[in-house]
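>>> A structural model of the following input is requested.
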Amino acid sequence: MDASSSCPQWKYDVFLSFRGEDTHNSFAAHLYDALCRRGINTFIDDSKLRRGQVISPALAAAIKNSMFSIVVLSKKYASSGWCLEELVKILESKTGMEERVLPIFYNVDPSDIRKQKGEFGKAFNRLVKNLKGEKMERVKIWRKALTQVANIAGEDSRNRHEPTLIKKIIAKILNKVFSRYSSYDNNLVGIHSRIQEVESLLCTVGIIGICGIHGIGKTTLAVAPTLIKKIIAEISNKVFSRYSSYDNNLVGIHSRIQEVESLLCIVGIIGICGIHGIGKTTLADAVNKKISHQFECSAFLENVGEDFRKQGLIGLQKHLISLLVDDGNLNIKGCTSIEGRLRWTNVLIVLDNVKDGAILEFLTANQDSFVKYYEVRLLNKDEAMEVLGHYSSKHKLPNDDSMELSKRIRNYAQGLPLALKVLGTSLFRLEKPEWRSHLNKLKSCPHPKINQVLQISYDELDNKAKNIFMDISCFFKEEDKDHVMEILEACGFFPICGIRTLLDKSLLTISNNKLEMHDLIQEMGMEVVRQKSPGEPGKWSSLCSPTYASSVLKKQTVTEEVEGIFLNLSNLREIDCTYGGFARMKNLRLLKVYTSQSCRGSECTLEKEECKVHFSQNFKFHYDDLRYLFWHGYSMKSLPCEFNPENLVELNMPYNHIKQLWKGEKDLEKLKFMELSHSKFLEKTPDLSRATNLEQLVLEGCTNLHVVDPNLADLKKLIFLSLKDCINLRDLPIRIELESLQILILSGCSKLRKFPEIRGYMKHLSELFLDGTAIEELPLSIEYATGLVLLDLRNCKELKGLPDGICNLASLETLLLSDCSKLKSLPQN
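Numbering: from 1, shown residues only. Predicted coordinates for the structure are as follows:
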């Protein structure tokens, strides 16, 4: 059975057997060098002290662990018992696999070898005459081996150009070796998991040959090619360092090349990433041109994604291997392991425009172990001005005009080379009124050449990822990632994997847990929305411009295509909202009405601004798909009775006029955030019996609030609760069992006299703020708040004492008791 069928672990591709006296400084040396340069891992024996005819165990192992053997049969080959023993061992190890042995008849007739006659026979006979005793028994075995190898089809060097012969030998070995490494995907994994570490610098064995003995000039077979390589490498490094072929005028390219080179010293694979138009291909090409001479072979594949689409993985792999081994006629059947074939060769491979991770995995087989990503930086302000200087220098603009234009382009482009190039090329040739007009136009209409490139990544997204991108670009840029993900998850967009995809495509970044996006990327997203129905904003899926949003509501041209409206009232006149304006938005998911000064959560300290939105008497909105509702200064006394919050994740309505949010019980199972801060007319909280997943409840500054829904006491997932400055709040539920609660703020509830009993352990409660309340005492069950770290009781004028159980709070670090005028003593412990 063919050995390849069981996927053996070969340590070497080729074992090279030859008579050093004949060929070590000529044919064998050149052949060995050619094999190495083509990535064929070749073993040669560099030992000088060959005594007797018994080969060493190490040499026998090398023969056994070589996939193929090349035997250079020269005129004096048979004068060495060592060479003959190598031949015997080679044929024994390849029994039944003679196609794994390639004889080279170097200036000798195969028939002379078969019959041991001619010059070859004379050399053999001289060896035999000198044998004595038991060694004579080997002669018969040698003769049989010589006859056997002479009968194997090989290459005859007579009357042939030596470089042509070597090239043919290399091609033959390459095709055989690659065919042996061919496998299907399931076998590739098995092959690589069993590959052991081998010598990393195969050609450095020539160092041993420097200490040659006997004075006969027998240097190692690799000496000549190694010396040539050293000379070439030395000259190449000096020449290429002065005459690198990449464009030295590329602004910022030198520092970025150095960063990539530094990474290449650490890992085997680097992924160059960044948004479209940032210069990934330019940088990859520059790196390739600068350092490719340092490698034994290299390949630059442009537009790999398109080649993959046309040729498939196997065709792409064949193209790459052909470039690496410099053989366009390479015969490769099926898929093969590049890593398995070239792991002994110093190789540089540059793949441009890799859109599918499967390509990298297929071509490299083990990228997860070595890959490191380099994100191309945007140009800084100085670099951007330098780029624009190349364009301004070609035109005779007045200095002041040139500087104004350069700064405006720089501010618009935000370091994106593509935008600098496109705008620099087109605007510096115009008169001042023209380029000013063009720049003003960009505020509402992105440049098509820039947008077309930036949109490539968007077009490659699936529909869910596109929805996520649109929501972030239109509504949630610079918002907290975790908060936005809750909303997107409720929309069914699978944000965990979707945001990962946007990050991988450089459409999104995350800084300090905020979702960030280049302004031109954001503009591209908004333009995609507009282009679906040009000139008809009522049909756009996202309305984030206050001008368009207010217009469609006023004119009642909004349609069911609208899924999100963010209406900034800051610079608008008062508008009237009618039933007709809202009723048509049956698919509305996101609604935000706000001013530029609006803010979320307890950080909001501004007073309510005069409301600019007025509602008709029949105003209603009933949105089954609504996930997010933020309405600053809502002026009605309650939400419409038809309001359906069953899919709502966040309800945020600060500074409103609401007296009662709604009547009766509502389906609130998906609600996680509720904020009604500074609702000065709110008298009682809504029914929370079905708000089983509520995590944050903020009711700060609700100065007229005096009734809290008793169901509040049983919200198992509530993490944050603030009733700060609810000055008319007198009572809380008698008992609370808030097992997930971490922060409870009751500061400034000046009429609150009693803190609830704690039922069960509240081990997550770490901060409790009771400062400024009228509490007279803490319940004995306070000791069940075992995780309490901070307890603030400052300015509790009615506080008379603390329970002994407070001494059991082992985690308590801070206890604040200033201005507690009636507190006479503390627990003894």
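
>>> Give me the below-cutoff pLDDT ranges for the chain.
Residues of the chain meeting the criterion pLDDT under 70: 1-9, 46-54, 134, 177-249, 326-344, 363-370, 578-580, 597-612, 616-617, 829.

>>> Where is the longest strand in it?
The residue-count maximum for a strand in the chain (DSSP state E) belongs to strand 66-73.

>>> Tell me which helix or strand comes right after that one, heading toward the C-terminus.
On the C-terminal side of strand 66-73, the nearest following helix or strand under DSSP states H and E is helix 81-93.

>>> What residues sit buried inside that following helix?
Residues of helix 81-93 classed as buried by neighbour count (16 or more other Cβ atoms under 10 Å): 81-91, 93. All C-beta atoms are positioned from the backbone trio N, CA, C, and that covers glycine.

>>> Then stretch 21-40?
21-25, 27-40.

>>> check contacts around the residue most central in space within the chain.
Central residue of the chain (Cα atoms, centre = their mean): Asp504, 4.6 Å from the mean position. Contacts for Asp504 (Cβ atoms under 8 Å, 6 or more residues apart in numbering) come out as Cys273.

>>> Could you give the backbone dihedrals for it?
When read as degrees, to the nearest 10, the backbone of Asp504 gives phi -60, psi -30.

>>> picking up where we left off before, make CSV from the buried residues of helix 81-93 and add distance to Val708 to it.
Output for the buried residues of helix 81-93, formatted as CSV (distance: Cβ to Cβ, whole Å):
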residue, distance to Val708
Gly81, 103
Trp82, 98
Cys83, 99
Leu84, 101
Glu85, 97
Glu86, 94
Leu87, 97
Val88, 97
Lys89, 92
Ile90, 92
Leu91, 94
Ser93, 88
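
>>> Which of those sits closest to Cys726?
Using Cβ to Cβ, Ser93 comes nearest to Cys726 of the buried residues of helix 81-93, at 89.6 Å.

>>> give the contact list for that closest one.
Applying Cβ under 8 Å, 6+ apart, the residues contacting Ser93 are 63-64.

>>> do you know how far it is from Lys176?
16 Å (Cβ to Cβ, to the nearest Å).

>>> by contact count, what packs against the longest strand of the chain?
With contacts taken as 3 or more Cβ pairs under 8 Å, 6 or more residues apart in numbering; DSSP states H and E, strand 66-73 sits against strand 12-17, helix 27-37, helix 81-93, strand 101-105, helix 137-150, helix 162-181.

>>> Could you dump these into JSON lines with distance to Asp307 added?
Converted to JSON lines, those look like this (distance: least, Cβ to Cβ, whole Å):
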{"stretch": "strand 12-17", "distance to Asp307": "28"}
{"stretch": "helix 27-37", "distance to Asp307": "26"}
{"stretch": "helix 81-93", "distance to Asp307": "41"}
{"stretch": "strand 101-105", "distance to Asp307": "34"}
{"stretch": "helix 137-150", "distance to Asp307": "44"}
{"stretch": "helix 162-181", "distance to Asp307": "20"}
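
>>> Ok, which of those comes nearest Asp687?
So among the helices and strands packed on strand 66-73, helix 162-181 is nearest, using Cβ to Cβ, at 70.3 Å.

>>> That closest one relative to strand 101-105, how many degrees between them?
Here the directions of helix 162-181 and strand 101-105 differ by 170 degrees (axes from the mean of the first three to the mean of the last three Cα atoms, to 10 degrees).

>>> Number the chain from 27, please
Yep, numbering from 27; the last one is helix 188-207 now.

>>> Give the other helices and strands that helix 188-207 contacts.
Using 3+ Cβ pairs under 8 Å, 6+ apart, helix 188-207 sits against strand 38-43, helix 53-63, strand 92-99, strand 127-131, strand 181-182, helix 364-368.

>>> Spell out, range by range, the strands that occur in the stretch 177-326 of the chain.
Counting by DSSP state E, counting those that start in this stretch, the stretch 177-326 of the chain has strands at residues 181-182, 295-299, 323-327.

>>> can you redo these as TSV with mean neighbour count?
Below are these laid out as TSV (neighbours: other Cβ atoms under 10 Å):
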stretch	mean neighbour count
strand 181-182	16
strand 295-299	19
strand 323-327	18
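
>>> for those strands, which one sits closest to Leu764?
strand 295-299 (44.6 Å).

>>> And the helices in the stretch 177-326 of the chain?
188-207, 211-220, 249-268, 279-290, 306-317 (DSSP state H, counting those that start in this stretch).

>>> Kindly report the same for the stretch 377-526 of the chain.
Applying DSSP H, counting those that start in this stretch to the stretch 377-526 of the chain gives helices spanning 383-390, 393-396, 407-418, 425-439, 443-453, 458-467, 474-485, 489-497, 507-516, 521-530.

>>> Could you pull up the contacting residues of Leu487?
Applying Cβ under 8 Å, 6+ apart to Leu487 gives the contacts 495, 527-528, 531.

>>> circling back to that earlier point, of all the helices of the stretch 377-526 of the chain, which lies closest to Val584?
Nearest of these to Val584, taken as Cβ to Cβ: helix 489-497 at 17.6 Å.

>>> tell me what the closest one is packed against?
In terms of contacts (3+ Cβ pairs under 8 Å, 6+ apart), helix 489-497 is packed against helix 507-516, helix 521-530, helix 545-558.

>>> Give me the angle between it and helix 507-516.
Using the same axes, to 10 degrees, the inter-axis angle of helix 489-497 relative to helix 507-516 is 130 degrees.

>>> Could you list the alpha-carbon positions for helix 489-497 in PDB?
What follows is helix 489-497, C-alpha atoms only, in PDB (Å, rounded to 0.1, in the frame of the first residue of the first chain):
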ATOM      1  CA  ASN A 489     -29.600  42.100   6.800                       C
ATOM      2  CA  LYS A 490     -29.300  41.900  10.600                       C
ATOM      3  CA  ALA A 491     -25.900  43.500  10.600                       C
ATOM      4  CA  LYS A 492     -27.200  46.200   8.200                       C
ATOM      5  CA  ASN A 493     -30.000  47.000  10.600                       C
ATOM      6  CA  ILE A 494     -27.500  47.300  13.500                       C
ATOM      7  CA  PHE A 495     -25.200  49.600  11.500                       C
ATOM      8  CA  MET A 496     -28.100  51.800  10.500                       C
ATOM      9  CA  ASP A 497     -29.500  52.200  14.000                       C
END
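
>>> circling back: want to throw the helices and strands packed on helix 489-497 into JSON lines with distance to Ala836?
Converted to JSON lines, the helices and strands packed on helix 489-497 look like this (distance: least, Cβ to Cβ, whole Å):
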{"stretch": "helix 507-516", "distance to Ala836": "30"}
{"stretch": "helix 521-530", "distance to Ala836": "37"}
{"stretch": "helix 545-558", "distance to Ala836": "50"}
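
>>> measure Gly524 to Phe707 for me?
Distance, Gly524 to Phe707, by Cβ to Cβ: 40 Å.

>>> circling back to that earlier point, out of the helices and strands packed on strand 92-99, the one nearest Gly450 is which?
So among those, helix 53-63 is nearest, using Cβ to Cβ, at 44.6 Å.

>>> where's that closest one relative to the chain centroid, distance-wise?
The chain centre lies 41 Å from the centre of helix 53-63; the measure is Cα atoms, centre = their mean, to the nearest Å.

>>> That concludes my questions; thank you for your assistance.
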